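**Student:** here is a sequence with its predicted model. Questions after.
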Amino acid sequence: MTDLTLGALYGVVTLIVMCSGMPIAFALGVVAVSFMYFFMPSSSLDTVTQNVYEEMASITLLSIPLFILKGAAIGKSPAGKDLYSAIHTWLHKVPGGLGIANVFACALFAAMAGSSPATCSAIGSAGIPEMRKRGYSPGFAAGIIAAGGTLGILLPPSITMILYAVAAEQSLGRLFLAGIGPGVLLVALFAGYAVYRARKEYGMAKAIYEAGGDKSPYLETEHFTLREKVEMLPRVLPFIVLLIGVMVALYGGYATPSETAGLGAMLALVLIAVVYNVWRPKDLAPILSSTIKESTMLLLIIGMSLLYSYVMSYLHISQSAAQWVVDMHLSRWVLLSVILLMVVVFGFFLPPVSIILMTAPIILPPLKEAGFDLIWFGIVMTVVMEMGLIHPPVGLNIFVIKNIAPDIPLKDVIWGVMPFLGLMFVAVVLLCLFPSIATGLPDMMMGAK
């Protein structure tokens, strides 16, 4: 059996097992162990646990549960709602200001949590009811939260980028810096669309009212005094302190990414203890329980994905697939387009963690040979995977929104996210045309390597 035939069989079996409904971690483990049994020396089965341990014995991966703890501390306390309320108070007079407030709140929360579902859930639970109460259409309200939540895997500290740094053997610090520019770009695109859509819905509501219809909450005006605005500022200050503390420790060279993750988790716990009086065991139990559950699930997926990749490498599947792509002699931009299209298709079925760990051995060697900067590609790939979080059929953030707003029909949620998919595509095009959006900051701060 040729390597490519074996690789095709490997892929088909993987799809069949995954479509059976088996959890991703177990599906990858079952496929890997089965191919070890049939196509590798029998002694290889005796080293399964050793292989998984060796693949996961990375200090970089240690930061994942610590970043998850930091996100859970913010998301399971009133901190997320306070952050959103403070931003809304200052932006309420801007057209679409409530939508913009949600985008900014998602961006700031993402920069602290590093998780898209956590961002989506924490901000959406407060933001969606407020937007709907003020007349925003259900689809628009759901779409802007689902899209804003995707910033969790782009803005540092991103768990997805941690895994990409491990898989691509790239500097995590440079990756984190490279995510800032594209993150700001997406925030600007989302905020701009929020203004456009809010003006459009306001015009429609005004026309209906003038024609004798009901008066939409859109037409109501809110007023906050300067004193009320100033009183809201202390609610944002702890987040700024937490964000600055983590960034200074990481980019100032005072701590490694793993040490920074621990610092961020401790700062978050201190923040909720001091500001929100969340320190008793009964208060901390939901935070620690959520951290353990999410970390266990994620690390199990990582371990099985690494075993899956090890089997691919041992059977020369990944090397043969990469060589097959190289032998097609595609131009570098056609090669990039084909690979990104493949990532989009995988995004229909798989979370970003699995996409990175399963595809990295295949796609990175041809891209490197074609002359692409793997730091830059990591950012582009992350934006494309963000699209996977909100596009049907299994966009994770879509189901998070459905969970926190069950009365919004699924079709409204899906139609609500479609414009944001288009904006993400625009961001990818801009990154290809102007790669310095991603690479400029790390080159300036850390020096080109």
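**Tutor:** Alright, I've got the coordinates. This is a predicted model, so every value here is computed, not measured.
**Student:** tell me where the stretch 51-200 of the chain has helices.
**Tutor:** Secondary structure of the stretch 51-200 of the chain (DSSP state H, counting those that start in this stretch): helices at 63-75, 79-91, 97-113, 116-133, 138-149, 159-168, 172-178, 180-210.
**Student:** of those, which is nearest residue 240?
**Tutor:** Ranking the helices of the stretch 51-200 of the chain by proximity to residue 240 (C-beta to C-beta) places helix 97-113 first, at 8.7 Å. C-beta: built from backbone N, CA, C; applies to glycine.
**Student:** what angle do the closest one and helix 116-133 make?
**Tutor:** Here the directions of helix 97-113 and helix 116-133 differ by 160 degrees (axes from the mean of the first three to the mean of the last three C-alpha atoms, to 10 degrees).
**Student:** format the CA atom coordinates belonging to helix 97-113 as CSV.
**Tutor:** Extracted in CSV, the C-alpha atoms of helix 97-113 (Å, rounded to 0.1, in the frame of the first residue of the first chain):
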residue,chain,number,x,y,z
GLY,A,97,-23.1,52.6,20.3
LEU,A,98,-24.6,49.6,22.1
GLY,A,99,-23.3,47.3,19.4
ILE,A,100,-19.9,48.9,19.5
ALA,A,101,-19.9,48.6,23.3
ASN,A,102,-20.4,44.9,22.9
VAL,A,103,-17.6,44.6,20.3
PHE,A,104,-15.2,46.5,22.6
ALA,A,105,-16.3,44.5,25.6
CYS,A,106,-15.7,41.2,23.7
ALA,A,107,-12.2,42.5,22.6
LEU,A,108,-11.2,43.4,26.2
PHE,A,109,-12.6,40.2,27.7
ALA,A,110,-11.0,38.1,25.0
ALA,A,111,-7.6,39.8,25.8
MET,A,112,-8.0,38.5,29.3
ALA,A,113,-9.8,35.1,28.8
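**Student:** next structured bit after the helix or strand encompassing residue 294?
**Tutor:** Element membership for residue 294, per DSSP states H and E: helix 281-314. If you walk from helix 281-314 toward the C-terminus, the next helix or strand you reach (DSSP H and E) is helix 317-327.
**Student:** tell me the mean pLDDT over that next one?
**Tutor:** Across helix 317-327, the average pLDDT comes to 72.
**Student:** so which residues make contact with it?
**Tutor:** Residues from elsewhere that reach helix 317-327, judged by C-beta atoms under 8 Å, 6 or more residues apart in numbering: 3-4, 6-7, 10, 309, 311-313, 335, 338, 361-363, 365-366, 369.
**Student:** identify the residue spatially nearest to residue 305, adjacent ones excluded.
**Tutor:** Leaving aside its sequence neighbours, residue 305 sits nearest to residue 357 (C-beta to C-beta, 6 or more residues apart in numbering; 3.6 Å).
**Student:** one step back: for the helix holding residue 294, buried residues please.
**Tutor:** Neighbour-count burial for helix 281-314 flags 284, 287, 290-291, 294-295, 298-312, 314 (criterion: 16 or more other C-beta atoms under 10 Å).
**Student:** kindly report the same for stretch 26-42.
**Tutor:** Buried positions in stretch 26-42, judged by neighbour count with 16+ other C-beta under 10 Å: 27-33, 35-36, 39.
**Student:** same list (the residues you listed) but as a markdown table, adding secondary structure and pLDDT.
**Tutor:** Listed next are the buried residues of stretch 26-42 as a markdown table, based on DSSP: H, G, I helix; E, B strand; the rest coil; pLDDT from 0 to 100:
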| residue | secondary structure | pLDDT |
| --- | --- | --- |
| 27 | helix | 85 |
| 28 | helix | 83 |
| 29 | helix | 86 |
| 30 | helix | 90 |
| 31 | helix | 89 |
| 32 | helix | 87 |
| 33 | helix | 89 |
| 35 | helix | 90 |
| 36 | helix | 88 |
| 39 | helix | 86 |
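**Student:** flag the shaky bits of the stretch 251-400 of the chain, pLDDT-wise.
**Tutor:** The model of the stretch 251-400 of the chain has pLDDT under 70 over residues 318-319, 322, 348-350, 392-394.
**Student:** an error on my part: the question was meant for the stretch 51-200 of the chain.
**Tutor:** Filtered on pLDDT under 70, the stretch 51-200 of the chain yields the residue ranges 55, 60, 75, 80, 84, 113-115, 118.
**Student:** about what we covered before: hmm, which of the contacts of helix 317-327 are the buried ones?
**Tutor:** Among the contacts of helix 317-327, those scoring as buried are 3, 6-7, 10, 309, 311-312, 335, 361-363, 365-366 (criterion: 16+ other C-beta under 10 Å).
**Student:** would you check which pair of the residues you listed lies furthest apart?
**Tutor:** The widest separation within those (C-beta to C-beta) is 25.5 Å, between 311 and 335.
**Student:** residue most distant from the centroid, this protein?
**Tutor:** Distance from the C-alpha centroid of the chain, by C-alpha atoms, centre = their mean, peaks at residue 212 (44.7 Å).
**Student:** no more questions from me, cheers.
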